[in-house]
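Colleague: Provide a 3D model corresponding to the input given below.
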Amino acid sequence: HDTLPDWLVGIDADEELVACVSLLYYSEALAEVRSLAVADKVKGQGWGKSIVKTIIAQAKHKQVPILFALTRAVPFFQKMGFSISSRELFPEKVWRDCHVCPLLERCDETAVVLHLTPQPIQPQHQPIIELPIIQPIQGVTKMSKPKINKAVLAYSGGLDTSVIVPWLRENYGCEVICFCANIGQGDDELKGLKEKALASGASKVYVEDLRHEFAKDFLFPMLQSGAIYERQYLLGTSIARPLIAKWQVAIAEAEGADAVAHGATGKGNDQVRFELTYKALNPTLKVIAPWREWDIRSREDALAYAKKHNVPVVHTEKSIYSRDSNLWHLSHEGGILEDPRNEPEESMYQWTVSPENAPDEPEIVTVHFEEGVPVAVNDVQLPPASLIEKLNELGAKHGVGRIDLVENRLVGMKSHGVYETPGGTILYAAHRELESLCLDRDTSHFKEELAVKYAELVYFGKWFHSLRESMQAFINDTQKTITGWVKIKLYKGNVIVIGRHSDHSLYREDFATFGKEDVYDQKDAVGFINLFGLQMKVQAMMDVSNGGKTRYAAPDYSKFKRD
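Modeller: Purely as a prediction, here's the structure:
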């Protein structure tokens with residue numbers, strides 16, 4: 001109160017302080033709404049709404065065009081006219097502190113913004129880019145489309161999604177907002193992405209760092225389930241799409257958009273994964289999938305369209321492989337892999353060394369778990385995303401995590417792909433080993449059956465399906481005792497478990513040792529076997545009474561001829 005000139009307080013009839021809020025000015029064009037608080041006893045009585053309205057009026061009086069806040073109360077601020085934004089859209093002074101904060105990965109605050117003028121003033125650090133004029137060209141069909149006001153595009157910065165921006169404006173006459181999720185694909189793919197999207201015709205660009213959420217809320221629950229699609233695939237691409245689509249929907253709702261768009265082709269799995277998530281989270285949004293509509297059929301077509309519409313394209317040598325990378329894996333498809341008889345070229349791999357060229361000395365790694373969640377590597381506590389990155393580094397060095405498989409796509413066709421999942425391979429091996437120590441037989445066997453279905457749900461894009469959520473509730477309950485450590489040896493592509501420990505271990509040496517009789521009387525086995533084999537015995541007795549011998553009677557060896 002002593003240092004901030006614009007500080008408001010709310011006083012009730014009893015002259016008690018029940019609410020407060022303040023404005024912190026960064027410049028003539030930008031101010032932050034800070035320190036909003038309402039006493040518990042008066043929540044729901046309109047104090048928050050009233051005091052924020054007053055501070056907004058105060059900002060308008062001082063002709064401040066943009067207000068922003070970092071908050072957990074996003075729905076409240078949205079009701080007050082704010083919309084979700086990216087912190088990086090504000091001057092460095094605002095978001096620099098967030099980037100160096102040691103608690104950033106656990107931060108649950110969201111940036112929201114309110115424009116107080118009809119023509120919002122852009123933050124000074126962000127260049128104003130003149131949008132290209134869209135002109136139809138030969139080879140692209142001008143279509144009669146339903147009216148769309150605003151669309152949020154899942155944007156990667158590649159040629160395809162860059163071309164989609166002007167195509168949407170041309171064919172639907174809509175404003176295009178681009179959204180890119182940072183899920184660990186690497187700095188090279190994110191560099192210059194905002195500027196490129198704006199130059200392509202986007203009105204606004206969101207780039208959200210979702211690595212922590214990806215690891216904590218998607219990868220680790222899947223790890224706990226033990227899900228592996230068709231016995232090999234650790235679902236790196238499949239598990240990422242629902243997260244991206246979830247944020248697309250959230251941004252669409254915050255921006256008042258009436259459509260979402262993606263760049264997935266009409267032959268692949270991703271179109272289904274994106275659109276099932278859209279339907280689950282907001283079925284009222286229209287879905288635009290340009291690859292199912294336009295006449296662009298080749299890279300050359302896309303380059304021609306980009307040139308005509310002034311879309312900036314970095315001319316690079318086209319890889320023969322189609323790749324997808326994130327925190328969990330790197331996938332390779334196409335090229336020589338289209339013939340499953342071909343061995344992948346060593347030059348294709350980008351993360352892992354070949355097992356033949358891996359170090360001749362093994363490396364020992366210890367992974368620590370708490371209730372089924374990995375929390376430390378070699379006794380060093382790490383945040384979820386950092387932990388996966390560390391294991392990726394260790395596994396890749398030793399050639400761990402290469403998978404070559406032919407899989408059944410959900411659209412019906414088969415595809416041949418190669419995956420590099422070094423950290424995930426280590427985590428799956430360690431988690432599985434700790435479960436073998438701590439889960440009883442019946443729970444373990446039933447959970448293995450569920451893992452097959454869980455993997456199918458993830459692969460098919462049904463992350464937000466009620467069955468997956470119900471299965472997760474069961475899985476979460478099984479993980480209450482999965483706390484301990486697993487020691488692993490990494491050696492030339494192999495993940496070798498060499499030790500495990502848990503305070504919840506069901507393995508009892510005194511039970512398992514053959515030389516002791518105090519906890520297990522071997523004579524008890526007679527009655528157990530008699531009861532356990534009763535059904536088989538009754539069936540054999542019926543066979544004997546009907547035909548004189550059981551169906552499994554030994555053959556008459558006297559009739560066999562000798563060589």
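Colleague: pull the distance from stretch 333-353 to the chain's centre.
Modeller: For stretch 333-353, the gap between its own C-alpha mean and the chain's C-alpha mean amounts to 25 Å (C-alpha atoms, centre = their mean, to the nearest Å).
Colleague: pLDDT of that stretch, averaged?
Modeller: Averaging pLDDT along stretch 333-353 yields 95.
Colleague: what does it contact?
Modeller: The contact list for stretch 333-353, computed with C-beta atoms under 8 Å, 6 or more residues apart in numbering, reads 319-323, 330, 332, 354, 392, 395-402, 404, 406, 415-418, 420, 422. Any C-beta I mention is one placed from the backbone N, CA and C, and that applies to glycine too.
Colleague: which other helices and strands contact whatever helix or strand residue 243 lives in?
Modeller: Using DSSP states H and E, residue 243 sits within helix 240-255. Judged by 3 or more C-beta pairs under 8 Å, 6 or more residues apart in numbering; DSSP states H and E, the packing partners of helix 240-255 are strand 83-84, strand 150-154, strand 175-182, strand 204-209, strand 259-261, helix 270-281.
Colleague: would you single out the least confident of the ones you listed?
Modeller: strand 83-84 (a mean of 84).
Colleague: sheet partners, orientation included, of that one?
Modeller: The strands beside strand 83-84 in its sheet (DSSP bridges) come out as strand 110-115 (antiparallel).
Colleague: roughly how far does residue 348 sit from residue 359?
Modeller: Separation of residue 348 from residue 359 (C-beta to C-beta, to the nearest Å): 22 Å.
Colleague: out of these two, which sits in the more crowded spot?
Modeller: Higher neighbour count among residue 348 and residue 359: residue 348, with 16 against 13, using other C-beta atoms under 10 Å.
Colleague: before we move on, back to that, adding mean neighbour count and distance to residue 71, write the helices and strands packed on helix 240-255 out as TSV.
Modeller: Formatted as TSV, the helices and strands packed on helix 240-255 follow (neighbours: other C-beta atoms under 10 Å; distance: least, C-beta to C-beta, whole Å):
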stretch	mean neighbour count	distance to residue 71
strand 83-84	18	10
strand 150-154	24	21
strand 175-182	24	20
strand 204-209	21	16
strand 259-261	25	25
helix 270-281	20	22
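Colleague: burial of the nearest residue to residue 483 once chain neighbours are set aside, as a residue count?
Modeller: Excluding its sequence neighbours, the residue lying closest to residue 483 (C-beta to C-beta, 6 or more residues apart in numbering) is residue 370, at 5.2 Å. If you count neighbours by other C-beta under 10 Å, residue 370 ends up with 12.
Colleague: and residue 370, what are its phi and psi?
Modeller: The phi/psi pair for residue 370 (degrees, to the nearest 10) reads phi -130, psi 110.
Colleague: from what I see, residue 456 and residue 233 are in contact.
Modeller: No - between residue 456 and residue 233 there is no contact under C-beta atoms under 8 Å: 11.1 Å.
Colleague: shared neighbours of the two, anything?
Modeller: Joint contacts of residue 456 and residue 233 (C-beta under 8 Å, 6+ apart) do not exist.
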